[in-house]
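Undergrad: sequence first, predicted model second:
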Amino acid sequence: MPLPRITYQSLAFVVAAGVCALGARGAVILVEDSSADEVREALDAQGMDWATVLADGLQVVIEGEAPTEVSRLHAMSAAATAVDGARVVDNMSVRPPSDVAPPAFSIEMLRNQDAVSLIGLIPAASDRRALIARAEAFASDDGVTDLLNTADYPVPQHWNAAVTYAFRALQILPRAKISVSEGHVAITAISESAAQQAEYETTLSRQIPNGVSVDIDITAPRPVLTPFTLRFRIDAEGTATMEACSADSTDARATIISAARGAGMTGTVNCTIGLGTPSNQWASMASLGLNAANEIARAGASATLTMTDTDVRLIAGSAMNQSVFDGIVGRVENSLPATFSFTAELPPPPTEAEAGAPPPPQFYVTLNTEGQAILTGRLADDLLNTSAGNFARAYFGASNVIMATRVLPDGLPQGWSTRVLTGIESLSHLNNGSVLITPDTITVRGETGEVNASNTISQFLINKLGQNANFTVDVDYLEALDPIAGLPTPGECVAQLGALNDENKIAFDPGSAQIAGSSLRVIDAMADVLRGCPVDLPIRVAGYTDSQGRAEMNLRLSQDRADAVLAALRMRRVPVSSFTAVGFGAADPIASNDSEEGREANRRIAFSLIEEEGPAVPEAEAEAETEAEVSALEEDAAAGAEAAAEIPAPEDAAEVTEPAATETEPETDTEAETDAPEEPAAPEVNIPEDAAPAPENVPRVVLRPAQN
C-alpha cells in the first residue's frame, strides 16, 4: 500500500533539517578551529608557549600558568589582536614567586616635646608593646601616636641596634625626627643654642653602636650678633689673622672666607652666622676691605681692617708709602656700598723724640696651665688695685690669684682702669695665656677650648673700648681643652668605674644592702668620674651574691644592693635616669663558692654598658620592656637555686627569716635576707667661708665634632 504523500513530505523536511544541522556544526567547528589557530599563532609570536588555547563556540579560552602578572596581561592583549577581545576568556593562573624579597623595614620617630609619633613597618618578631612603652617613658599621657605596621619576615641585621640607638637619641632630643632603617639612623633635630647643639652631637656621636651608620643634622637658632663685627690683620711679614668674623648667611660667609684666603689667610677660618646684619651688602663690604688690606700687605706694610656694623676702619703700618696708600683708599671709597662709612689711617713714622722716650706703662696678666693668674704692672690707685684683684678672683678663684702690681699713677692715660678690667675679663675665655695692656694697644694670646673664643674676645673688646680700639687677639683652639669634645667615651667611663671597683671593692654591711662606710670613698670617686662623662649613659649596675642561702633571698639581696649603689650615685648629683639596677643573685660566679675567698669575690657590684653585654644578654633584650628583664631574672634565680642546691650551706647560713639585729652580728657576709636597706646618708660638704663667688656664666660655642 503506497505511503501517503504527507509522509514523504515529512521525511523530506527531516532530512533537510539534519543536513542543515550538520552544516551548521561544521561551520562552528571551522570557526572555532580558525579562532583558536589565530590566537595560538599570536601567542607563539610573543614567545608565550606556556599558554594553552581552547575553543568553546565563539569563545576562546586561554589556560596555563603565567610566569608573572605582566605576562598574563600580555597574553590577553596578544589574543585580542587575533579575535574580538570580548570573545577571549581568561582562565590563566600566575606562578607564585619563589623568592619574594623582604620589605624594607623602617621607622619614622617624631618628637615634639611630650608628643611622640611612631610610623613605619617593623618585623613581626619585634616587641611592639616594648617600643610603645619606650616612647611613653618620655611622652605625656596619651602622647604616643602608634602608626606601626608589621610584616612576618626575618629581622634584618643590625636592626635592633639601630632601633635601640634611635630611642636613646629620641630621649635626648626634645624636638627631633629620627629615621631608622637596617643598620642606618638619620637624625634631624633642633637645639636651643650652639653650645647645646655641640653637646648633642658629641653625646650622640660617642654612643653609635658597631655596625650602624648615623647621619646627624642638628641645627641651632642663629644668635643675634651685636655689633656685627669683622677684624682682620696682616703683619709686615704677611701673616694673616682673622680675629673676629660675622656673617648673615652661608653664602656671605663663603664670600668672606674666600676673600680672606685671597689675602693670605691659612688654616681654619671661624666665621659666625647670626642675625643683626646692618646691611645686605655686609659680605661685599668685607670682601672690598679684605682686598684693600691685601694690597697694603703686598706693598710691604702691615694692615688692620675693623668692621663694626656700618663703620669700617682700615689702618696701615707706618712703612706704607703715602701715594700707594691713597690709591688703595681711593678705590675703596669709590666702590663703597651704601650705608657704610669708611675711615683710612696711615700713622706717621715715630719722631726722634718719640723714639728716645721711656717705655709706656704696662699692665700684664698671665694665666698658667694650673689656673693661676698673676697680675703685674702699674695701677692708678689703691681702689683700682683692690678692684682688679677682686675681679680676677671672681673669674679664676680666690686662691688662684697672685698680685704683683704697683700703685704708680704718674703717666697713666685716661681710661686705664677700663682697659685693665677689660683685659682681665678677656683672659677668662682662655685656658692659659696672657694679656698685655699698654696705652695704645691690648694684646691677648693663649690657648682655649672655645672654638670661637677669638671672635668672642674681639667683639667684647670692641664693645668695651670702642671701634677705634687697637688690639691683637692671637688665640689657638685645642680640642683637648674643649670641655665637651674632650669627654671620655662611654666605654672609657665604664672602664674607669671598673678600675675603681677593682682597686677598692664596693662592700656592704653583713647580710644587708647598706653600703659599708669604708666604701663611701669609692662611691664618691665613681660619682666624680660619671659627672665628667657624656649624659644618658646606658649603664647597668648589676648586683651578685655567693651561693649560700636560698636563691630567692640572694636574688632580692642582690637587687637591693644594686638599687643602693644607684641611690648613692643619685644622692651625689649623678644623672642616673639612663641607668638600670639589676640583681642576678648567685648567677655568673667569677670564682668558686667552695672557699671563703671565692664567695667573697662573687659578692660584688659590676658596671657595664647595656649595648655591650655578652651572650647572656642578647641584642633583642635591649628592646624588650620590663617583662623581658623580669623573665631573665627568673631564669637567673633558677640557676642560682640549682647552684645553691649543689653546695650545702653551712649551719650559720641556714634559712633565716627576718633576723633581729644583735651586738654579736657575724663579721662575714652570709647573704641572709634582711629588711629593706636605708639609703646611705649624703656626705657632708664643707664650703670655705672665703670662697669667691663664681663668675657669670659666659656663653660658649664649641666645635662640632667629626661624625663617625
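TA: Yep, it's here. All figures in this text were calculated on a predicted structure; none of them were measured in a lab.

Undergrad: how is N390 assigned, secondary-structure-wise?
TA: helix (DSSP: H, G, I helix; E, B strand; the rest coil).

Undergrad: count of neighbours near it?
TA: For N390, the neighbour count with other C-beta atoms under 10 Å is 12. The C-beta positions use only the backbone N, C-alpha and C, and glycine is treated the same way.

Undergrad: repeat for Q362
TA: Neighbours around Q362, by other C-beta under 10 Å: 12.

Undergrad: quick check: phi and psi at it.
TA: phi -140, psi 150 (degrees, to the nearest 10).

Undergrad: contact partners for it?
TA: 377-378, 436-438 (C-beta atoms under 8 Å, 6 or more residues apart in numbering).

Undergrad: change it to 7 Å
TA: By C-beta atoms under 7 Å, 6 or more residues apart in numbering, the contact list for Q362 reads 377, 436-438.

Undergrad: cool, A176 as well?
TA: Residues counted as contacts of A176 (C-beta under 7 Å, 6+ apart) are 111, 170, 187-189.

Undergrad: okay, now the domains of the chain?
TA: 26-94, 106-219, 229-353, 358-481, 490-653 (automatic domain parsing).

Undergrad: can I get those domains in TSV with distance to I6 and mean pLDDT?
TA: As requested, the domains of the chain are exported to TSV (distance: least, C-beta to C-beta, whole Å; pLDDT from 0 to 100):
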stretch	distance to I6	mean pLDDT
domain 26-94	31	83
domain 106-219	80	88
domain 229-353	111	90
domain 358-481	123	89
domain 490-653	96	76
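
Undergrad: how about those, which one is nearest F13?
TA: domain 26-94 (20.5 Å; C-beta to C-beta).

Undergrad: next one: that closest one to chain centre, how far?
TA: Its chain's C-alpha centre lies 62 Å from the corresponding centre of domain 26-94 when counted by C-alpha atoms, centre = their mean, to the nearest Å.

Undergrad: now do stretch 558-573
TA: Offset of stretch 558-573 from its chain centre (C-alpha atoms, centre = their mean): 28 Å.

Undergrad: tell me the buried residues in that stretch?
TA: Neighbour counts using 16 or more other C-beta atoms under 10 Å place 558-569, 572 of stretch 558-573 among the buried residues.

Undergrad: tally of neighbours for the closest residue to G274 other than its chain neighbours?
TA: Nearest non-adjacent residue to G274, counting by C-beta to C-beta, 6 or more residues apart in numbering: L225, 3.9 Å away. If you count neighbours by other C-beta under 10 Å, L225 ends up with 20.

Undergrad: could you report the pLDDT at L225?
TA: The model reports L225 with a pLDDT of 85.

Undergrad: measure N112 to A55 for me?
TA: Distance of N112 to A55, computed by C-beta to C-beta, to the nearest Å: 67 Å.

Undergrad: one more: E243?
TA: For E243 relative to A55 (C-beta to C-beta), the value is 94 Å.

Undergrad: tell me which of the two has more neighbours.
TA: Neighbours were tallied for E243 and for A55 using other C-beta under 10 Å; the higher tally belongs to E243 (23 against 19).

Undergrad: dump the residue contacts of the more buried one.
TA: 231, 233, 454, 458, 473.

Undergrad: try it again with 10 Å
TA: 229-233, 304, 306, 444, 454-455, 457-459, 461, 471-475 (C-beta atoms under 10 Å, 6 or more residues apart in numbering).

Undergrad: give me the number of residues near T472?
TA: Counted with other C-beta under 10 Å, the neighbours of T472 add up to 18.

Undergrad: and it, what element?
TA: T472 is located in strand 471-477, with elements delineated by DSSP states H and E.

Undergrad: ok, of the contacts of A176, which come out buried?
TA: 111, 170, 187, 189.

Undergrad: list phi and psi for the closest residue in space to R406 that isn't next to it in sequence.
TA: In space, and not counting its chain neighbours, R406 is closest to R378: 5.6 Å by C-beta to C-beta, 6+ apart. R378 adopts backbone torsions of phi -100, psi 140, taken as degrees, to the nearest 10.

Undergrad: state the distance from R378 to Y364.
TA: R378 is 10 Å from Y364, by C-beta to C-beta.

Undergrad: which residues are in contact with each of those two?
TA: 405, 437.

Undergrad: neighbour-wise, which of those two wins?
TA: Ranked by neighbour count (other C-beta under 10 Å), R378 and Y364 place R378 first, with 22 against 18.
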